[in-house]
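In: Let me see the structure of the following:
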Amino acid sequence: MKRIFIKGIGIAAFSSVAFACSGPKQVTEQEVAKAAVNTPTNELVEQKQAEFEYYFVEALKQKMFGNAQEAIRLLSSCLEIDPNSSAAMFELANIHAANNDFTSASLLLEKAISLNPENKWYKLLLAQVYQQTRKYSEAADIYAGLLEKEPENLEYIYMNAALLATAQRFDEAISAYNRMEKETGINEQISVAKQQIYISTGEIDKAFAEINKLIENNPDEAKYYGLLADLYQSQGDSENALKNYQKIQEMDPENGFVHFSLANYYLENGDTEKSFEETKEGFASDAVDIQTKMQLYMMLTANPAQSTLNEKQRGELIDVLLEKHPDESLVHTIQAEELLKQNKLPEGREALLKALDINPNDYMVWERVMYIDNDLQQWDKLYEHTGRIIELFPNQPQGYFFKAIACVQLEKFDETIELSDEGADYVIDNPQLKANFLMLKGEAIYKNGNKTEAFKIFDKAVEIDPENYLTLNNYAYYLSLDGIDLDKAERMSGKVVERFPDNATYLDTHAWVLFKKGEYTLAKFYMDSAIKNSDDESDTLLEHYGDILYKTGKKEQAVEYWKKAKESGSESQVLDRKIKEQTYIEE
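Out: The predicted model follows:
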């Protein structure tokens, strides 16, 4: 039987919520009404005014309901009635900005501001749009203008400073941060921002002064010594860097994060052994959250070619994670990935199953388990696991497909047919999978003895997916066994070996088709290639080779290969007769 298997400084954070905070919530109904009335709409005839108001209110409703395109259409109608309605321009720009059409949004807002220069909401939205389009200098200027009206507004001061820094207008940014510092006092966020500017401008002494200012203001805050250590390290002063990292450990022995800083310190200084030991200490710390540990592990192992960790060290870190976080499914998944990289399939599967004990609703992990079962050709396991998958994910066709594969191998042919029909119902826009279900169904029907019906199903599978090489191979082989439609079988198996010229199973099928056609010399050519490319010669392949050798006049070699087939586990009584009588006997 042929087996079947599937071998910036504040700006990024502000920008991310910019448009969620814009729109109707920022403009009161009174402001909208005032903006609409204070445009030339009061010069429109009464009917046009009513029509404008209807479209405007309806547009706001559609926007609230999430119907952006209808809101755009209605607001565009408003502008047809009154081309100078800044309120309509603002609402339209808001929608365009939310849709990432920043060009349209900025043009509308610029026009709206020219018509209504006192409206701060228009300016705030335009500043946000400018940030999205990297016009940081222009955005900074908008906040500077807003500060003229509200000089005590700390948000405006901070955004102005941050945007100036991003625009590399460093002197102005420092002045803005100093202005804010006068209002708030010494502040970590401000000092770190200023430090970064001073590093960019090469004013390292001033950068150190900012961090030392934080320490003087709050000498018991351990992380400030970390900032100082990082700065020393960036300037090549390893001695002072180490002193400050050690200062953190003295002040806060439970600080797990300092171990990662020390790991980086030792790595940059070429001591990979100490770097790993500090990394391991950080992983063992109860003060470090699991998310941080996982992110660091991913970072350290993402690029194997550049990773400083060897296989043994990766294993040690995983062992620490398993000890500290045994109930985290992702830890077991990471362990599985490491084992699978080492081609330890059973052990990797066991780790995946532990992850599924904790979180059984992770379909992607279940899918990995299915593929491992299939690669190991452990059909009982595949049957068991796919049964669970179908219970948990009844709409996922892959569960049915792999369980059907298991059923074919376990000779549960009636169940194969049932699973193939059921699973195919869940296939959407995937003709290859549809054809595979038909292939398995045809396989089961053939094994149940209904060859005519099986061949019809194989034909349908090939019609749906003409490049389904597994179906083409199996169909050709079954035709050859029955000695029918051999020209068709040769075309199909020939197409397969043309695509996979080194696949022993496919070469064996093609050779056997040629043998059945009486083309023994050509059959031997392909069977020689099959034997050469076979890692694990099956009893069927060995017996076929013996048959071909016999037909090409090599009787002694034929008997030798029939005996090899017998030693490989064949229980064929016909093979026993071939060996005993030393002659070819057709089954």
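In: residue contacts, residue 411?
Out: Residue 411 makes contact with residue 447, according to Cβ atoms under 8 Å, 6 or more residues apart in numbering. The way it works is simple: take the backbone N, C-alpha and C, and place the C-beta from them, glycine included.
In: quick one: secondary structure of it?
Out: Assigned by DSSP: H, G, I helix; E, B strand; the rest coil, the conformation of residue 411 is coil.
In: Got the phi and psi for it?
Out: phi 60, psi 30 (degrees, to the nearest 10).
In: what does residue 553 give?
Out: phi 90, psi 10.
In: Next, the contact list for residue 575, please.
Out: By Cβ under 8 Å, 6+ apart, the contact set of residue 575 is 543, 562, 565, 566.
In: what about residue 104, distance to residue 492?
Out: Separation of residue 104 from residue 492 (Cβ to Cβ, to the nearest Å) stands at 57 Å.
In: Of these two, give the one with the bigger neighbour count.
Out: Counted by other Cβ atoms under 10 Å, residue 104 and residue 492 do not tie: residue 492 has more neighbours, with 25 against 16.
In: Pretty sure the more buried one sits against residue 475.
Out: Yes. Residue 492 lies in contact with residue 475 (Cβ atoms under 8 Å); the separation is 6.1 Å.
In: if I look at those two, which residues touch both of them?
Out: residue 462.
In: so which of the contacts of residue 575 comes closest to residue 295?
Out: The closest of those to residue 295 turns out to be residue 565 (Cβ to Cβ; 55.3 Å).
In: Tell me the secondary structure of residue 306, please.
Out: Following three-state DSSP, residue 306 is assigned to coil.
In: and it, what are its phi and psi?
Out: As for residue 306, its main-chain torsions (degrees, to the nearest 10) stand at phi -110, psi -10.
In: How many residues are close by it?
Out: 7.
In: Check residue 220 too.
Out: With other Cβ under 10 Å as criterion, residue 220 counts 8.
In: in this protein, which helix or strand is least confident?
Out: Here the helix or strand of the chain ranked lowest by mean pLDDT, DSSP states H and E is helix 11-16, holding a mean of 29.
In: Relative to residue 576, which of the contacts of residue 575 is nearest.
Out: Nearest to residue 576 among those, with distances taken as Cβ to Cβ, is residue 566, at 7.4 Å.
In: give the contact list for that closest one.
Out: Neighbours of residue 566 in contact, by Cβ under 8 Å, 6+ apart: 539, 575, 576, 579.
In: one more time with 7 Å
Out: When contacts are counted by Cβ atoms under 7 Å, 6 or more residues apart in numbering, residue 566 touches 575, 579.
In: Low-confidence regions, the stretch 351-500 of the chain specifically.
Out: By pLDDT under 70, the stretch 351-500 of the chain contains no weakly predicted segment.
In: which stretches of it form strands?
Out: Assigned by DSSP state E, counting those that start in this stretch, the stretch 351-500 of the chain shows no strands.
In: Just the helices from it, written as ranges.
Out: 363-376, 379-392, 397-409, 413-424, 431-447, 451-464, 469-482, 486-499 (DSSP state H, counting those that start in this stretch).
In: So which elements touch the longest one?
Out: This means helix 431-447. Other elements packing on helix 431-447 under the criterion 3 or more Cβ pairs under 7 Å, 6 or more residues apart in numbering; DSSP states H and E are helix 397-409, helix 413-424, helix 451-464, helix 469-482.
In: Now do residue 219: how many residues are near it, please.
Out: A total of 11 residues lie near residue 219 under the criterion other Cβ under 10 Å.
In: how about it, phi and psi?
Out: Here is the backbone geometry of residue 219 (degrees, to the nearest 10): phi -70, psi -10.
In: Tell me who's in contact with the closest residue to residue 403 other than its chain neighbours.
Out: Leaving aside its chain neighbours, residue 403 sits nearest to residue 386 (3.6 Å; criterion: Cβ to Cβ, 6 or more residues apart in numbering). Applying Cβ under 7 Å, 6+ apart to residue 386 gives the contacts 370, 399, 402, 403, 406.
In: quick one: the strand or helix carrying residue 69 to chain centroid distance?
Out: With elements taken from DSSP states H and E, the one containing residue 69 is helix 68-81. Remark: helix 68-81 is offset 39 Å from the chain centroid, using Cα atoms, centre = their mean, to the nearest Å.
In: so what secondary structure elements neighbour the following helix or strand past that helix?
Out: Proceeding C-terminally, helix 68-81 gives way to helix 86-98 as the next helix or strand, assigned by DSSP H and E. On a contact count with 3+ Cβ pairs under 7 Å, 6+ apart, helix 86-98 meets helix 29-37, helix 46-64, helix 68-81, helix 102-115, helix 120-132.
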